[in-house]
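**Student:** Based on what follows, work out the 3D shape:
(one chain, ligands or ions: 2)
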Amino acid sequence: MILAIETSCDEVSASLVNENFEVEKHIIFSSSDLANKTGGVVPELAAREAANMMQSVLKKITENIDWDSVKAIAVTNGPGLVGSLMTGIEAAKTLAILFNKPLIPVFHIFGHMCANFLEQKEKIIFPALVLTVSGGHNDIYLWNSETEYLKIGTTLDDAAGECFDKCARMLGLGYPGGPLLSHCAEHGEKRDDIILPRPLKHAKNENMFNFSFSGLKTALLYKIENLKQNSLNTNNNKLTKQTISDLALEVETAICETLLHKLFLAQKKYNISTVMISGGVSANKPLRKQFLEQAKQRKCNAFIPVKFEYCTDNAAMIGSAAHILWNNSKNKKFPVEAVKIQMNAL
Ligand code: KG4
Ligand code: ZN
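**Tutor:** Ligands and ions are numbered 1, 2, ... in the order given. Down below sits the predicted model:
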């Protein structure tokens, strides 16, 4: 087994993942209630919460643990909020030194990619294309073999998750915006007077597989102001519940349509038959449904993390990635002192 720890943002998570990529024990603590009060994650507060929660998460994950069956410790070493990362890394280093275990550093985005191995590793055949889409990152990777991957697309500004979060805030829906906006969109209806852009959807050349979501936020801001001029959309100068749901539906549709358009454009160009999505936004129900439908039409083998909790930040995906790094390492040497915070993108 590998004992994994993930603390890159406002979650503190620990997991025991066995070599068959099955999750034996999984603990997640989230400080998103706090972020809901402050309208988003405040790095300093998230870091304090991580430090406060780490001990009880460690206590739970190590309860009745058989240390002989743990071959290594794994930890997210970046990118993320430095204060939160430090708590996880220090905890992992302490365990590795105390119990004399190798310490495997895992790049957070590679962790998200490997969330797809959990409970379905044997079904995945390389090469694959993976869309990793969260609050902090939004990339497409051409994944040639377990440890070889090339970024072929990224966002020029905001990630889709960030766009979900900011649009939800403009609509007064709270944090985290993705699931709240999606829930609100379930009551929405498509309207001819509510059409938002699909940014860079038809871009060519160097931007063919790139994204840009900041303009969508601005377009929503203008649309809200515009709709407020019409009394049919308002009640006491505030947008009606129905108009908010209609706007939420259009935001969600624009994001999902753009993400999947680019992924399947890449799938066609590289002629790859294994496609995956991962990261917090891959918990989005319409995105999952449309992804599976489009993959079926194109006769692709499609993978999404099997549980919602493996989409958003979690330690199980870090354990999964660590098994991949372990299996592909010849000397299995992962010294504790080599683990440092790594903020650069791949
Ligand atoms: O992977 P993650 O937990 O953290 C980062 O690495 O950034 O992703 C968090 C992001 C947030 O922006 C959140 O709003 C979004 O994932 N998210 C969703 C859903 N669940 C989480 N977005 C859309 N629909 C969802 N159901
Ligand atoms: Zn993440």
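**Student:** Every contact and neighbour count from this point should use C-alpha atoms.
**Tutor:** Will do.
**Student:** Which residues of the stretch 51-200 of the chain lie near ligand 1?
**Tutor:** S134, G135, G136, G161, E162, F164, D165, P176, G177, G178, P179, S182 (C-alpha under 6 Å from any ligand atom).
**Student:** quick one: contacts for the residue in the stretch 1-150 of the chain positioned nearest to ligand 1?
**Tutor:** In the stretch 1-150 of the chain, the residue that lies nearest ligand 1 is G135 (3.4 Å; C-alpha to the nearest ligand atom). Going by C-alpha atoms under 8 Å, 6 or more residues apart in numbering, G135 touches A159, A160, G161, E162, C163, D165, G280, V281.
**Student:** If you rank the residues you listed by neighbours, which is first?
**Tutor:** A160 (29 neighbours; other C-alpha atoms under 10 Å).
**Student:** Go ahead and confirm that one touches S134.
**Tutor:** Yes: counting by C-alpha atoms under 8 Å, S134 is a contact partner of A160 at 6.6 Å.
**Student:** how many other residues sit next to N237?
**Tutor:** By other C-alpha under 10 Å, neighbour count at N237 equals 11.
**Student:** Identify the residues contacting it.
**Tutor:** Shown in contact with N237 (C-alpha under 8 Å, 6+ apart): K228.
**Student:** on that earlier part again, now do the shared contacts for A160 and S134.
**Tutor:** V281.
**Student:** the strands in the protein, which residues?
**Tutor:** Along the chain, counting by DSSP state E, strands occupy 2-6, 11-17, 23-30, 72-78, 103-107, 128-133, 138-145, 148-153, 234-235, 238-239, 274-278, 301-303.
**Student:** Just the pLDDT for the residue most central in space within the chain.
**Tutor:** Ranked by distance to the mean C-alpha position of the chain (C-alpha atoms, centre = their mean), the top residue is G279 at 2.2 Å. Listed pLDDT for G279 reads 97.
**Student:** wait, isn't it in contact with E309?
**Tutor:** No: using C-alpha under 8 Å, G279 makes no contact with E309, being 10.0 Å away.
**Student:** outside of stretch 256-270, which residues touch it?
**Tutor:** Contacts for stretch 256-270 (C-alpha under 8 Å, 6+ apart): 129-131, 140, 198-199, 201, 208-211, 273, 275, 286-287, 291.
**Student:** low-scoring pLDDT stretches of this structure, where are they?
**Tutor:** 344-346 (pLDDT under 70).
**Student:** Tell me the spacing between the residue lying farthest from the centre of it and N237.
**Tutor:** No residue in the chain sits farther from the centre than S231, which is 38.8 Å out by C-alpha atoms, centre = their mean. Here the criterion is C-alpha to C-alpha, to the nearest Å. By it, S231 lies 8 Å from N237.
**Student:** what do you get for I324?
**Tutor:** 55 Å.
**Student:** count of neighbours near E250?
**Tutor:** 22.
**Student:** again with A47
**Tutor:** Every residue meeting other C-alpha under 10 Å relative to A47 is counted, giving 25.
**Student:** isn't it right next to G83, touching?
**Tutor:** Yes: using C-alpha under 8 Å, A47 is in contact with G83, at 4.8 Å.
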